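K.L.:
here is a sequence with its predicted model. Questions after.
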Amino acid sequence: MRLFFVLLISLLLTMPGFCGEPIKVGVLIGPPFVIKHETTYSGIAVELWDAIAQAIEQPYSYVEFACDQTDEALDSLGKGNIEVLIGPLSVSQKGLEVADYTLPYFVDKIIAISSYEYLHNVLRFIKLMFYSIGGIIALFFLVFIFYIHLLWYYERQHATHIPHQYKEGVTYLFWAHVLMGHHAEVPKTWPGRFLLLFKTASFYVILIILNATLISFLTVSLSRWADPIQSLLDLEKRKVGGIVNSRPYKVGKSLGLRILPFGSLQEGLQALEGEQIGAFLADLSQADTYLKGEGRTNLSISHYELRQDLYSFATHIGSPLLKKINMQMAELRKNDIPQKICKGYLNAGIKNCEL
């Protein structure tokens, strides 16, 4: 029995484990970064922090802050009441005064949610394709007509088959090139030969551009063109909504948009589906999480971005934890851990973890 206790104590002393007092980690509630489940938490920031804490063998306990208590959480960090702050936390002027920020782990964007408008935007898609391809074809004919006229001018005195009169000569060269690809004789003059080389090279370049343009239009996702929000001008033409006093709401007001306040994302999307508003401003992470959880397929996250923000963790100024966290953050990126974590919470915003 004594031998058993000796072996057990030796094993415990040699096992790796967390040492020291648990540090207090502030969590800003805000899905999908910090999601509260009664007495536990999950989310992108929580899973990422848990991986870092295990790597540096640091015990910790959580101190909760509501989503609108960022300033209070930063004050608590500055006073030393907590040692790390995680969640949907972007770099701010106030934060820089009291905290050091880690390497970013997510790029969040302010976007617009809208209903799909296939008919209207398919017409826009066709119109843009017509203008693009039409412009290339017009350039093709412009180069061709330019070539025909100059070739007649330089070759009319040297080629036996080219009429000397302007109208007959140009007409002859036009139909000869259209039906046979060239006229009967090799150009006799140096300007004529240069024009032939210029025409051939120009046509090859134009055909390559035309082919690339067609491929790009045929392979582009139709859902992108079904999105009615392609620019700020599209938002200015309609009423938009936003959660009152949220970052997207304030950005919308600063841009001069006709923005209506709502109490929640759910309320705003109900107004959007009821056509009371034409778009709803939200953070990409929030919109993606909600639409994925609800299984909504009738609403679209726009590709147009009003603003971007980098999300990071924060420590109090001069904390020795900063270097350890950054080293582990870089190591996790090498193994694509942030992207793997994001896949469990996001659809459209997974690439925003690829920093």
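P.N.:
That came through, no problem. Residues are numbered from 1 along each chain as shown.
K.L.:
surely Ile162 is within a strand?
P.N.:
No - applying DSSP: H, G, I helix; E, B strand; the rest coil, one finds Ile162 to be coil, outside a strand.
K.L.:
so Ala282 versus Tyr131, what's the distance?
P.N.:
Ala282 sits 33 Å away from Tyr131, going by Cβ to Cβ, to the nearest Å. (Each C-beta comes from the backbone N, C-alpha and C, glycine too.)
K.L.:
and the two? Which one has more around it.
P.N.:
A count of neighbours by other Cβ atoms under 10 Å puts Ala282 above the other of Ala282 and Tyr131, at 27 against 10.
K.L.:
now do whichever strand or helix holds that one: distance to the chain's middle.
P.N.:
Secondary structure from DSSP states H and E places Ala282 in strand 279-283. Strand 279-283 has its average C-alpha position 15 Å from the chain's average C-alpha position, going by Cα atoms, centre = their mean, to the nearest Å.
K.L.:
just give the strands next to it in its sheet, each with its orientation.
P.N.:
On the basis of DSSP bridges, the sheet neighbours of strand 279-283 come out as strand 106-115 (antiparallel), strand 240-243 (parallel).
K.L.:
what about the strands in this protein?
P.N.:
Counting by DSSP state E, one finds strands in the chain at the ranges 23-28, 35-37, 40-42, 60-65, 84-86, 99-101, 106-115, 240-243, 259-262, 279-283, 299-301, 307-311, 314-316.
K.L.:
just the angle between the longest one and strand 307-311, please?
P.N.:
Here strand 106-115 points in a direction 140 degrees away from that of strand 307-311 (axes from the mean of the first three to the mean of the last three Cα atoms, to 10 degrees).
K.L.:
check the offset of strand 106-115 from the chain's centre.
P.N.:
In this view, strand 106-115 has its centroid 9 Å away from the chain centroid, taken as Cα atoms, centre = their mean.
K.L.:
now swap in stretch 69-86 and tell me
P.N.:
What separates the centre of stretch 69-86 from the centre of its chain is 30 Å, taken as Cα atoms, centre = their mean.
K.L.:
next, the contact list for Ser312, please.
P.N.:
Going by Cβ atoms under 8 Å, 6 or more residues apart in numbering, Ser312 touches 89-91, 101-105.
K.L.:
what's the distance between it and Phe106?
P.N.:
9 Å.
K.L.:
same deal with Ser42?
P.N.:
Per Cβ to Cβ, Ser42 is found 16 Å from Phe106.
K.L.:
compare neighbour counts for those two and give me the winner.
P.N.:
Neighbour count, other Cβ under 10 Å: between Ser42 and Phe106, Phe106 has more, with 26 against 17.
K.L.:
the nearest residue to the more buried one once chain neighbours are set aside: neighbour count?
P.N.:
The shortest distance from Phe106 to any residue other than its chain neighbours is 4.2 Å, reached at Tyr311 (Cβ to Cβ, 6 or more residues apart in numbering). Tyr311: 25 surrounding residues under other Cβ under 10 Å.
K.L.:
was I right about Tyr311 contacting Asp108?
P.N.:
Yes - under the contact definition of Cβ atoms under 8 Å, Tyr311 touches Asp108, with a separation of 5.9 Å.
K.L.:
quick check: neighbours shared by the two?
P.N.:
Joint contacts of Tyr311 and Asp108 (Cβ under 8 Å, 6+ apart) are 88, 90.
K.L.:
just give me the neighbour total for the closest residue to Thr160 other than its chain neighbours.
P.N.:
Once flanking residues are discounted, Thr160 sits nearest to Glu185: 7.3 Å by Cβ to Cβ, 6+ apart. Using other Cβ under 10 Å, Glu185 is surrounded by 13 other residues.
K.L.:
need the helices for the chain, in chain order.
P.N.:
2-14, 44-55, 70-78, 93-98, 118-155, 166-180, 190-219, 222-226, 232-236, 247-254, 265-273, 284-294, 321-334, 337-343 (DSSP state H).
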